[in-house]
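K.L.:
Let's see this in three dimensions:
(one chain, ligands or ions: 1)
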Amino acid sequence: MQLLDGKLLSENIKLELAAEVDTLRQQGGKIPHLAAVLVGEDPASQVYVSSKIKSCEQVGFKSSLVRRPAETSEAELLQIVHDLNNDPDVDGFIVQLPLPKHINEERITLAIDHRKDVDGFHPINFGRMAQGMPAFLPATPFGIMEMLRRYNIETSGKHCVVLGRSNIVGTPMSLLLSRKGYPGDCTVTLTHSRTKDLPAEVRRADIIVAAIGIPQFVKGDWVREGAVVIDVGINRIPDASKKSGSRLVGDVDFDAVAPRCSYITPVPGGVGLMTVTALLMNTLKACRKEIYP
Ligand code: NAD
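P.N.:
Numbers count the residues shown, from 1 in each chain. Below is the predicted model:
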């Protein structure tokens, strides 16, 4: 079994990005600028946003953070989105989800200029991705695809079972892995909460992508010998042996599954770090106008 090391991989990619920024600086080119909008005080969102800002600093990107209280109205947030759409210095931006209940997330996502949508959530990017056209890919699936590519994992003709059908992970993963090319050309089964006999579906998989949000849900005897396991889940469970009283685990029962796999992502240290790095890769693409010349 080999670990798919998201920490090492993202450090390597960040070095590449930092080198690109140096070259841009020497040539007098524009330095990539990512903006993040954070509404409210959700602790997990604060952690995610600060890690995105910190990652920008590490590679030499410019970053800015727009913080607003939870009471911010939808109209005010739409105005912020409008201003970022029209700010020529901002190459890409994200509005951190979830938003407070009184704000319609769909309306906000639709208001973002798709040419600056580095989260890849706008339907124009989603549709273009589905058709195999150049698009900003959603960060988590983009990070996973990059991980498969950089570890040279064979995907052609493989049977991939995706668990979870969210718009940000499961559904785009199923589309990307079934697309023509590498990594791709898989036969994909997309499973969800209504799937009958999920263990039997998972046992048929050469590649498993678990994105459901239930701690240690995928059991050892669900996994075929030699399977590749991508664990997207980030779940906090109680652990009295830790100072904090808790620890992070994935959607896969790592200890039982790992000995059966050819490759597996750890949690933490796997997909999560690649997600932030993929956002940086999208920001560089936005700055270079690679997707929308
Ligand atoms: P979600 O919470 O929006 O949806 C969960 C999906 O799981 C649904 O499609 C549902 O049908 C399916 N599901 C729920 N119970 C099931 C069951 N018993 N059997 C089969 N399917 C079931 O999903 P999400 O936003 O993609 O998040 C999934 C997990 O991934 C969460 O733990 C989240 O924290 C994590 N996540 C991690 C990253 C990262 O960067 N590593 C990014 C996004 C999400």
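
K.L.:
from here on, contacts and neighbour counts on C-alpha atoms
P.N.:
Noted.

K.L.:
what sits against residue 73?
P.N.:
Residues near residue 73 by C-alpha atoms under 8 Å, 6 or more residues apart in numbering: 102, 103.

K.L.:
Give me the below-cutoff pLDDT ranges for the stretch 101-250 of the chain.
P.N.:
Along the stretch 101-250 of the chain, the model assigns pLDDT under 70 to no residue.

K.L.:
hey, what's residue 93 bridged with?
P.N.:
Residue 93 forms beta bridges with residue 35, residue 117, as assigned by DSSP bridges.

K.L.:
Report how many residues lie close to it.
P.N.:
27 (other C-alpha atoms under 10 Å).

K.L.:
Which residues are in contact with it?
P.N.:
34, 35, 36, 37, 84, 116, 117, 118, 119.

K.L.:
Now do the same for it: its pLDDT.
P.N.:
Looking at residue 93, its pLDDT is 98.

K.L.:
Hmm, residue 274 is touching residue 6, no?
P.N.:
Yes - taking C-alpha atoms under 8 Å as the definition, residue 274 is a contact partner of residue 6 at 5.8 Å.

K.L.:
quick one: which of these two has more around it?
P.N.:
residue 274 (28 against 24).

K.L.:
distance of the more buried one from residue 112?
P.N.:
Using C-alpha to C-alpha, to the nearest Å, residue 274 is found at 23 Å from residue 112.

K.L.:
Residue 87 too?
P.N.:
12 Å.

K.L.:
Which of those two has more residues huddled nearby?
P.N.:
For residue 87 versus residue 112, the count of surrounding residues by other C-alpha under 10 Å is larger for residue 112: 22 against 11.

K.L.:
how far away is the more buried one from residue 174?
P.N.:
The spacing between residue 112 and residue 174, counted by C-alpha to C-alpha, is 25 Å.

K.L.:
what do you get for residue 94?
P.N.:
Look at residue 94 and residue 174: by C-alpha to C-alpha, they are 23 Å apart.

K.L.:
These two: which has the busier surroundings?
P.N.:
Higher neighbour count among residue 94 and residue 174: residue 174, with 26 against 23, using other C-alpha under 10 Å.

K.L.:
how about the residues of the stretch 1-150 of the chain near the ligand?
P.N.:
residue 140 (C-alpha under 6 Å from any ligand atom).

K.L.:
Now name the helix or strand holding the spatially most central residue of the chain.
P.N.:
Nearest to the geometric centre of the chain sits residue 140, at 1.5 Å (C-alpha atoms, centre = their mean). Using DSSP states H and E, residue 140 sits in helix 139-150.

K.L.:
Could you tell me which residues within the next helix or strand after that helix count as buried?
P.N.:
Downstream of helix 139-150, the next assigned helix or strand under DSSP H and E is strand 159-163. Buried residues in strand 159-163, counted by 16 or more other C-alpha atoms under 10 Å: 159, 160, 161, 162, 163.

K.L.:
Stretch 210-227 now?
P.N.:
Under 16+ other C-alpha under 10 Å, the buried positions of stretch 210-227 are 210-216, 218-220, 222-227.

K.L.:
near the ligand, which of those show up?
P.N.:
Within those, those near the ligand by C-alpha under 6 Å from any ligand atom are 211, 212, 213.

K.L.:
is it true that the second one touches residue 163?
P.N.:
Right, the one you point to is residue 212. Yes - taking C-alpha under 8 Å as the definition, residue 212 is a contact partner of residue 163 at 6.3 Å.

K.L.:
re earlier: from the contact counts, what lies against the helix holding residue 140?
P.N.:
If you count contacts as 3 or more C-alpha pairs under 8 Å, 6 or more residues apart in numbering; DSSP states H and E, helix 139-150 packs onto helix 170-178, helix 271-287.

K.L.:
for those, which one sits closest to the ligand?
P.N.:
The ligand lies closest, by C-alpha to the nearest ligand atom, to one member of those: helix 271-287, at 3.5 Å.

K.L.:
Distance check, the residue nearest to residue 14 when sequence neighbours are not counted against residue 223.
P.N.:
Spatial nearest neighbour of residue 14, chain neighbours left out: residue 59 (6.0 Å); criterion: C-alpha to C-alpha, 6 or more residues apart in numbering. As judged by C-alpha to C-alpha, residue 59 and residue 223 stand 38 Å apart.

K.L.:
same thing with residue 136?
P.N.:
32 Å.

K.L.:
what's the burial count for the residue nearest to residue 85 when sequence neighbours are not counted?
P.N.:
Excluding the flanking residues, the one nearest residue 85 by C-alpha to C-alpha, 6+ apart is residue 113, at 5.8 Å. For residue 113, the neighbour count with other C-alpha under 10 Å is 18.
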